[in-house]
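Visitor: attaching a predicted model along with its sequence, questions to come.
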Amino acid sequence: MANTFSNLDVEIIARSAVVGFRQGLLPLDAISKNVSPEPAERGNSVKVLRLSSAGTVQTFDPATGYAIADSTADGVDVALDKHKFVSWQLTDKEKIGTAISDIETFGLLKGWNLAKQVLTDVLAAVTAAKFGAAVTSSDAADFDLDAVFDIRNALTVAGWPPIGRALVLDSAYYANLLKELKIASAAGGDAELRNGTLTRLAGFNVFESAIIPANGEDLKGFAVEPDALLVALRYLAPQEGHKYEIAEPVVDADSGVTLGLRQWYDENSGSKRCVLEALYGSNVGNPAALKRIVSAS
């Protein structure tokens, strides 16, 4: 569905917001998800492909042939049971006096704040009750390369495949790793370190997040395979016969991450009123495919 924005200011905000939304949701790249601008209603279920980190290997028996024991790629129903939004209004006077750069920043922050709530909802499931004991208890200042290699070893001993492993880390833990790597590569360094980023380490894809919820258990991150958590995100289309000036999806072209935009003009206040919304849901997939990282104090 093509976007047909009728107002430049709203278009700039919406385009910036989906960028901020996508940035806030980057840790979800570590898990299984199904995102699409395809319309859906709250309560609908979406199939999320679960790529299992475990499977059964059998010995061929001519008498029985190829007996199918399990499936390593199956669709799991995830209910779209959460609907969150951010909103704003732009008066006639504000429309005239606002710089484009300010509007872009405004949109980025709106998208980021919405992503913060979505990520908090999804990661609320990352608890001891659902995923067991933490793989390590460490404060940020002590979370170093040795800690990462200890986690790597623990996962290998537990039988995790080397494919698809990821680390999602609180910003302070991520920063401490960067400091240590900077010291180790002082003679020129790596381009990622010079840019303050770290995407791959010890066989893990690495994601930083400043919005990991503590969940009452001092959660600071986790090691994960994609099938641990399952997430679905869709566009919530309004009912037929609506009178919105704009009601359509705003899509991040690279990832397919989608927000819904609704706009209407309120004549009493002389303002454009807008909503950006996310319709989503999540489930625990494989409890054995996530290991929590918690603080020591």
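Guide: That came in fine, so what should we check first? Residues are numbered from 1 along each chain as shown.
Visitor: tell me the strands beside the longest strand along the chain, with direction?
Guide: Taking DSSP state E as the criterion, the chain has its longest strand at strand 271-284. For strand 271-284, sheet partners with direction are given as strand 82-91 (antiparallel), strand 229-236 (antiparallel), strand 258-266 (antiparallel), following DSSP bridges.
Visitor: what helix or strand is Tyr173 located in?
Guide: Assessed by DSSP states H and E, Tyr173 sits inside helix 171-184.
Visitor: what residues of that helix count as buried?
Guide: For helix 171-184, burial by neighbour count (16 or more other CB atoms under 10 Å) applies to 172-177, 181. From N, CA and C alone the C-beta is placed, and that goes for glycine too.
Visitor: send the alpha carbons of that helix over as CSV?
Guide: Only the C-alpha atoms of helix 171-184 are listed here, as CSV (Å, rounded to 0.1, in the frame of the first residue of the first chain):
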residue,chain,number,x,y,z
SER,A,171,24.2,0.0,27.7
ALA,A,172,26.6,0.1,30.7
TYR,A,173,27.6,-3.5,30.1
TYR,A,174,28.0,-2.9,26.4
ALA,A,175,30.2,0.2,27.1
ASN,A,176,32.5,-1.8,29.4
LEU,A,177,33.2,-4.3,26.7
LEU,A,178,34.0,-1.4,24.3
LYS,A,179,36.4,0.0,26.8
GLU,A,180,38.2,-3.3,27.1
LEU,A,181,38.4,-3.8,23.4
LYS,A,182,39.7,-0.3,22.9
ILE,A,183,42.6,-1.0,25.2
ALA,A,184,43.3,-4.3,23.4
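Visitor: tell me what it is packed against?
Guide: Helix 171-184 sits against helix 145-157, helix 191-194, strand 204-209, strand 219-224, with contacts defined as 3 or more CB pairs under 8 Å, 6 or more residues apart in numbering; DSSP states H and E.
Visitor: right, so of these, which gets closest to Ser271?
Guide: Comparing the helices and strands packed on helix 171-184 by their distance to Ser271 (CB to CB), the top pick is strand 204-209, with 34.5 Å.
Visitor: residue contacts, Asp266?
Guide: 89, 272-273 (CB atoms under 8 Å, 6 or more residues apart in numbering).
Visitor: out of the strands paired with strand 271-284, nearest to Ala128?
Guide: Counting by CB to CB, Ala128 lies closest to strand 229-236 out of these; the figure is 15.5 Å.
Visitor: and for Ile212, the neighbour number?
Guide: 23 (other CB atoms under 10 Å).
Visitor: now do the same contact list for it.
Guide: 27, 119, 123, 168-170, 219-221.
Visitor: how about 10 Å then?
Guide: Contacts for Ile212 (CB atoms under 10 Å, 6 or more residues apart in numbering) come out as 27, 119-120, 123, 126, 168-171, 173, 219-222, 293.
Visitor: show me which of these are buried.
Guide: Members of the contacts of Ile212 classed as buried by 16+ other CB under 10 Å are 27, 119, 123, 126, 168-170, 173, 219-222, 293.
Visitor: now render these as CSV, adding distance to Phe207 and pLDDT.
Guide: Below are the buried ones among the contacts of Ile212 laid out as CSV (distance: CB to CB, whole Å; pLDDT from 0 to 100):
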residue, distance to Phe207, pLDDT
Pro27, 4, 95
Leu119, 11, 97
Leu123, 12, 98
Val126, 14, 98
Val168, 5, 98
Leu169, 7, 97
Asp170, 11, 97
Tyr173, 11, 97
Leu219, 14, 98
Lys220, 13, 98
Gly221, 9, 98
Phe222, 10, 98
Ile293, 12, 98
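Visitor: nearest spatial neighbour of Glu104, skipping sequence neighbours?
Guide: Ser16 (4.5 Å; CB to CB, 6 or more residues apart in numbering).
Visitor: now do the SS call for the one you found.
Guide: What DSSP: H, G, I helix; E, B strand; the rest coil gives for Ser16 is helix.
Visitor: and the pLDDT at it?
Guide: Looking at Ser16, its pLDDT reads 95.
Visitor: quick revisit: ok, so of the buried ones among the contacts of Ile212, who is nearest Val135?
Guide: Among the buried ones among the contacts of Ile212, and counting by CB to CB, the member closest to Val135 is Ile293, at 6.5 Å.
Visitor: low-confidence ranges in the stretch 101-250 of the chain?
Guide: 183-196 (pLDDT under 70).
Visitor: show me what contacts Ala63?
Guide: Going by CB under 10 Å, 6+ apart, the list of residues near Ala63 is empty.
Visitor: return the backbone torsion pair for it.
Guide: phi -70, psi -30 (degrees, to the nearest 10).
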